[in-house]
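Asker: How does the following fold in three dimensions:
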Amino acid sequence: MLDRIREGSKGPVAKIILFLIILTFALTGVSGYLGGSADDHVAEVNGEKISRTDFDRAYQNERAQMEEELGDFVETLFADEAYMREFRQGVLERLIEERLATQFASEQGFRPGPQQIRNAIRNMSDFQINGQFNNDRYVALLTNAGFTPEQFRDYMVRELGRTTFLQGALMSEFMLPNEAEAYQRLQNQRRSGEYIRVPAQSYTDVVSVSEDEIEAFYAENEARFETDERVRVDYIVLEFNDMLESVTIDDAQARDFYEQNPGNFRTPERREIAHILVEGNDADARSRIEDIASRLEAGEDFAELAAEYSDDTFSGQDGGLLGRLERGMIDPDIEDAGFALDNEGDVSDIVESEFGFHLVKLTSLRPTQLDPYEEVAETIKENLRQQEAEQQYFTLQQTLSRVSFEAPESLQPAAEETGLDIQRSEWMDREGVNEFADQRLLNAIFDSDVLRDNLNSELVEVDERSYVVRVNEYEPASLTPLDDVRSDIEQALVMRKARDEARRAANELLAQYRANELPEGVEAESFSDVSRNDAELPAGVVSQLFRLPAPSDDAVSADIAELRGGDLAIVALTDVIEGEVSDNGASELRQRFENRYADAAYRAIMEALKEDASITRNL
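Answerer: All right, here's what the predicted structure looks like:
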């Protein structure tokens, strides 16, 4: 069920259920979740506060996800204040719903067992390397996030409880096989019939429009005849790619950089360690670790002893491996012991930390190495090109910004100082055009200082391009004169009246068709075996055809359909062919509807929890 929801749903249900595997949120938000500051909070849910830190992290996570999915278009969305208010409110509501679900799951006793927690953590892709759980990565990520494995385990207890509760609720949604079959029969049904088109254009000669009607329409619909304000701008654009293409780095420059910065090309010493942990700092714990140390001295295998006796169960199953050893990643006492070992296979003396007693083994040691110049030459050249281009771009950018500000009534001084050309845009309104569709540029162009006072804009950077713009021509919004739109209004009113005449004619023709008394010369166009997705018949005909009831001996099944362009049609149904049913189609259909039901169930659960909850929002 959950796999189907993940594949078929884009709504909040999938996001809630799959929250467990979104480690980017877990590792950035969990520290606040476990005990962040409650002084500055955005909401309070049944006495539990959601801190602003939690909100900011969730907001940034969702924003980054949107940027990845939508690319540059996201800037247009985020420039809309109304959209951003709604976006931020949506983030807050999702946090509130997560907290409500967690609280309810805890109250109802949804609590995972140790094995379930362990499996969930080991199956997280963020903790894996090449598909296998890596304790080194696990410890490093937790340490960088600022909390201990114990805190993360407690967090997972709550999250697994919540997702277990939601799974139970949402997996109860289903579609019966006979329902899916009945739906398939309807969806795959094919129909036969006929139709008579009633063209609205045929009635344009029998209607007329007065001058008073034209003037009244114009007065009542002035907004339809307003033209948007338009502008053309002169602009200077500085492009980073132009800088990059102009820069060349020769071999002498690259080698000189290599020789002056050897530290940049030195592969540091790499150590990997394993440990055996006996939790506790009492005499019994020391006695146990001393016994293990004695057995190591007697020649027993470190990995086997770690698997059997280490209280660090995660690393113990991997022979005690902690992976790569780096400063600041684990307990300093263990680090010191690991760095003090000189040879692969060496084992430290007993080390005491806040977690208990340890024995540390150096499992791998790779000395510091200097990368050969030939292997890094191209990387050096590319980096130097990038640096030089960035410096040139930055220098010219600052010059462009400064001069256009100091001489705000013309772009010419800035163009002469930078060596860049002054270009001219097309006419554009507030929606922009081509490269000027970016909202940041439009904001600069339609700024009052630029638009009304005819000054240079501030420098605007868009996708490694820097712009300064200046209005060249401006046309304010205005009402198009009646004489300019008179003919358009007259045509529109004529067609409106023609459609009314066509409607009256269609109603009369429908009554004649039902009575089998069609006028001489009027013939219906027949069709057969038509599906709901038929593209040959007019869409309005197909839509009306599948709304009609099945014909009978006592009644003709026919009605009027509206077609594109204002035409009408008399549509009659003559035969119904039952739709076919397939096992694959039924399975896909059940999946789609179960996803819909799950979405509806989730919303119902949240509404019920919110109704009974005490919630205050401070956003």
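Asker: In space, what's closest to residue 187 - neighbours in sequence excluded?
Answerer: Spatially, and ignoring its direct neighbours in sequence, residue 187 is nearest to residue 579 (6.3 Å; Cβ to Cβ, 6 or more residues apart in numbering). Where C-beta positions appear, they are placed from N, C-alpha and C, glycine not excepted.
Asker: State the distance from the spatially most central residue of the chain to residue 235.
Answerer: Geometric centre of the chain, nearest residue: residue 66, 3.4 Å, by Cα atoms, centre = their mean. Distance of residue 66 to residue 235, given as Cβ to Cβ, to the nearest Å: 29 Å.
Asker: Please apply the same query to residue 153.
Answerer: Residue 153 sits 58 Å away from residue 235, going by Cβ to Cβ.
Asker: So which of the two has more stuff around it?
Answerer: Between residue 153 and residue 235, counted using other Cβ atoms under 10 Å, residue 235 has the larger neighbour count: 24 against 13.
Asker: residue contacts, that one?
Answerer: Neighbouring residues of residue 235 by Cβ atoms under 8 Å, 6 or more residues apart in numbering: 411, 422-425, 467-470.
Asker: State whether it is indeed within a strand.
Answerer: Yes - applying DSSP: H, G, I helix; E, B strand; the rest coil, one finds residue 235 inside a strand.
Asker: C-terminal to the helix or strand residue 487 falls within, what's the next element?
Answerer: Residue 487 is part of helix 482-514 when elements are defined by DSSP states H and E. Once helix 482-514 ends, the next helix or strand along the chain (criterion: DSSP H and E) is strand 525-530.
Asker: Show me what that next one is packed up against.
Answerer: Applying 3 or more Cβ pairs under 8 Å, 6 or more residues apart in numbering; DSSP states H and E, one finds that strand 525-530 contacts strand 190-198, strand 568-577.
Asker: Relative to the first one, what are the paired strands and their orientations?
Answerer: Pairing partners of strand 190-198, with direction, according to DSSP bridges: strand 525-530 (antiparallel), strand 568-577 (antiparallel).
Asker: next helix or strand past it?
Answerer: helix 211-220.
Asker: just the longest one next, same as before
Answerer: From strand 568-577 onward toward the C-terminus, using DSSP H and E, the following helix or strand is helix 583-612.
Asker: So which bits of that following helix are buried?
Answerer: Of all the residues in helix 583-612, those buried under the rule 16 or more other Cβ atoms under 10 Å are 585-586, 589-591, 593-595, 597-599, 601-602, 605-606, 609.
Asker: And it, how far out from the chain middle?
Answerer: Remark: helix 583-612 is offset 22 Å from the chain centroid, using Cα atoms, centre = their mean, to the nearest Å.
Asker: do the same with stretch 319-328
Answerer: Put simply, stretch 319-328 sits 35 Å off its chain's centre (Cα atoms, centre = their mean).
Asker: Name the residues of it that come out as buried.
Answerer: Buried residues in stretch 319-328 (16+ other Cβ under 10 Å): 319-323, 325.
Asker: residues in contact with it?
Answerer: So stretch 319-328 is contacted by 134-137, 139-140, 143, 270-276, 302-304, 306-307, 310, 312, 315, 330, 335, 338-339, 361, 363 (Cβ under 8 Å, 6+ apart).
Asker: Just the ones of these in helices?
Answerer: Among the contacts of stretch 319-328, DSSP state H puts 135-137, 139-140, 143, 302-304, 306-307, 315, 335, 338-339 in helices.
Asker: Show me what counts as buried in stretch 454-468.
Answerer: 455-457, 459-460, 462, 465-468.
Asker: how far does it stretch from start to finish?
Answerer: Stretch 454-468 has an end-to-end distance of 13 Å (criterion: Cα to Cα, to the nearest Å).
Asker: Name the surrounding residues that touch that stretch.
Answerer: So stretch 454-468 is in contact with 72, 235-241, 393, 397, 400-401, 404-405, 407-411, 414, 438, 440-441, 444-445, 447, 449-450, 469-471, going by Cβ under 8 Å, 6+ apart.
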